[in-house]
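Asks: Build me a model:
(chains A and B)
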Amino acid sequence: MLKLTDHEKAMLDGKMGKFKQKAMEFNVRYAKVLGAEEFCQVSRTTLFIGAQHYLDCYKHGEEYKKIFSEFYLCSDEEIELGEMAPECKVQTCAGSCDMWNCDKTHLSKEYSDKNKAYTEAARKMGVKIVESCTPYYVGWIPLMGEHFLSTESSNVVISNSFFGAYGNSDGVEAAVCAAITGRTPKWGMHIKENRYADCLVRVKCDVESVSEWDVLGYTIGRKLPKNVVPVVVGDFKRPEINRMRQFSSSISVTSATELCHIVGITPEAQTLEMATGGKICRHEIEITESDIAESLSKICDEGSGPVDYISIGCPHLSLDELKEISEYIKGKKIKEGTELLVWTDYATKAMADVNGYAKDIEDSGAFVLTGSCPIVMREDSHKHATGMVMNGVKQAVGIRHQTKVPVYYGDIRRCIDAAVKGRWEEAE
Amino acid sequence: MMEKIVIKGRGALEGIASGPAIVFPDSIAGNSGALGDVDGVVYEKGNINYGISIKNAILVVPCAKGSNGFSAHFKGALIAGVKPAGWVSTKIDARLGVAIASMNMPAVVDFTEVDPIKVISTGDWLEINGTTGEVVITKKNSD
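Replies: Below you'll find the predicted structure:
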């Protein structure tokens, strides 16, 4: 039986306006679907909104008020757009295109203008325009035990696992309604008892570089049983945030993981016993070099070949990596007819400008772009490509749903080498 | 004689629906492009149901998978007029919960005695009751 506080009842009864009422109606239906018994207070959200392609179901020129009401509030009635809950810090997730450089990504000004109009409507509701899938690089950090919602699956894994914050991998409708009401069902990862590990993952392969953590995440995800909380043990060097970002993004590609403990690294797993709550794990898996090799065969096409579309920055890059790229690419030139896109958020881009990293990268002919990525921009941005190289496993796997051309996967340096040569060379 | 099997889970969203089952043993990725937003066709590379439309079917999944955009792509398909008839899931999770709540259609989830993925085959006719949690399976190959 779902219990509501007086404040929640007031929202549901319409005493705080129709905007909050409709959002609370969704919350109640969502809570019943999950089997939740109460709500919790949400202090942070990120929203995957703007002219995202899931809104392609609407005809051109449709009023945003109708779209917002029907899609996010699940209301047949058009609702006057109100404000987000004052106690909840709300910002945009990845955007559907770079807000200032649609010409560099083959998207029309008309599309970019639509995205700007939708984004501006959100800003007026109190949503901060950040356009990042790695919001922790620019200050969106829920602390231990804090309840959050994020529409970016890798950010859910990062925030649950590495910050010890509490959140589920919900979806944009739930995130919007949580942002409006400051409430979400207290269920799943919002409850400590559900956060103990029940699947032991023994890593028996070498893992150190960013790419190795990326492929490891994908591999663990594809070997995990369904509906488990994994805990990873292994003899590896202590990883830092960029490696964990990559790991968190790729484990979310092949599984529904929301929280992944790593013994000695994540705050709720300083020991294996702490991670499991002292219980024996119901499941146990091993990850070996042969599992990694099998994963690579699924992520990266075989052989060598010409490429003309290379993207680095899935998820969005940190300032450290822009520095690394600028140092490696300085003095090199991207082959004519080949595109190299380097993705970050616009706050980090501003820091890369100040430090001269963006200039060094763009002097090569590459573009430093902000807020989006090829998968989110969809086919219009990359349908001209004849061969692709992607830096993140999530991008390399996800783009295959949108293209039939060869897709290769490599670390930052191999991506740059491919862009300079206009060709992917298979590793020896 | 048509072979009928009745299994029971938890009714997650009330209402009665029927239709042919499409079973996704490894679920459907929530990533952009894995499900056609306006045609409701599965484009996920490697998915056992690649190229099949979800329209009017009962979708049988173990859980959701992939991007948190999962619900949004199904909602887009619904608004475009290519919605499924209902959902059956071995276990509920947050991604799938949002999709069910947002699409506001009958769903039966959280099976404890039998895994629907193992007893339902694609093409079986399903009648699901989102109030009682009952799922009636008519096997496609029964005479």
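Asks: Report the secondary structure state of the residue positioned nearest the centre of chain B.
Replies: Compute the mean C-alpha point of chain B, and by Cα atoms, centre = their mean the closest residue is B:Leu59, 1.8 Å away. Following DSSP: H, G, I helix; E, B strand; the rest coil, we place B:Leu59 in the strand state.
Asks: That one contacts B:Phe24, doesn't it?
Replies: Yes - contact between B:Leu59 and B:Phe24 holds when scored by Cβ atoms under 8 Å: they sit 6.8 Å apart. C-beta: built from backbone N, CA, C; applies to glycine.
Asks: What about residue 55, how many residues nearby?
Replies: Just going to use chain A. 21 (other Cβ atoms under 10 Å in any protein chain shown).
Asks: my question was about chain B
Replies: B:Lys55: 16 neighbours (other Cβ under 10 Å).
Asks: now swap in A:Thr181 and tell me
Replies: Neighbours of A:Thr181 (other Cβ under 10 Å): 27.
Asks: do A:Pro374 as well
Replies: Using other Cβ under 10 Å, A:Pro374 is surrounded by 24 other residues.
Asks: Pretty sure A:Ser381 is one of the things it touches, is it not?
Replies: Yes - counting by Cβ under 8 Å, a contact exists between A:Pro374 and A:Ser381, whose distance comes to 6.0 Å.
Asks: need the contact list for residue 88.
Replies: Since no chain was named, I'll use chain A. Contacts of A:Cys88 were listed using Cβ atoms under 8 Å, 6 or more residues apart in numbering or on different chains, and they are A:42-45, A:178-179, A:182.
Asks: wait, I meant chain B there
Replies: Neighbour list for B:Val88: B:9, B:21, B:58-61, B:107-109, B:116, B:120, B:126, B:128, B:135 [criterion: Cβ under 8 Å, 6+ apart].
Asks: can you do 6 Å?
Replies: B:60, B:108, B:116, B:135 (Cβ atoms under 6 Å, 6 or more residues apart in numbering or on different chains).
Asks: Can you tell me which residues in chain B are near chain A?
Replies: Residues of chain B found near chain A (Cβ under 6 Å from any Cβ of the partner chain) are B:12-13, B:31-34, B:37-38, B:43-45, B:62-65, B:67-68, B:70-73, B:76, B:79-80, B:91-95, B:97-98, B:100-102.
Asks: Quick check: neighbours of the longest strand along chain B in the sheet, parallel or antiparallel?
Replies: Of all the segments of type strand in chain B, defined by DSSP state E, the longest one is strand B:16-23. Sheet pairing of strand B:16-23 (DSSP bridges) gives strand B:58-61 (parallel), strand B:125-129 (antiparallel).
Asks: Check which residues of it are buried.
Replies: B:17-19, B:21-23 (16 or more other Cβ atoms under 10 Å in any protein chain shown).
Asks: residues making contact with it?
Replies: Residues contacting strand B:16-23 (Cβ under 6 Å, 6+ apart): B:49, B:56-60, B:85-86, B:106, B:120, B:122-124, B:126-129.
Asks: Type out the PyMOL command that picks the buried ones from those.
Replies: A single PyMOL command selects the buried members of these (16+ other Cβ under 10 Å):
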select buried, chain B and resi 49+57+58+59+60+85+86+106+120+122+124+126+127+128+129
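Asks: average pLDDT across stretch A:29-42?
Replies: Mean pLDDT, stretch A:29-42: 98.
Asks: Would you reformat the contacts of A:Cys88 as TSV and include neighbour count?
Replies: Formatted as TSV, these follow (neighbours: other Cβ atoms under 10 Å in any protein chain shown):
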residue	neighbour count
A:Val42	28
A:Ser43	17
A:Arg44	23
A:Thr45	31
A:Ala178	32
A:Ala179	30
A:Gly182	24
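Asks: Which of the residues you listed fall in strands?
Replies: Among the contacts of A:Cys88, the ones falling in strands (DSSP E) are A:44-45.
Asks: Enumerate every residue touching A:Lys65.
Replies: Taking Cβ under 6 Å, 6+ apart, one finds A:Glu78 in contact with A:Lys65.
Asks: can we see that at 10 Å?
Replies: Counting by Cβ atoms under 10 Å, 6 or more residues apart in numbering or on different chains, A:Lys65 makes contact with A:78-81, A:121.
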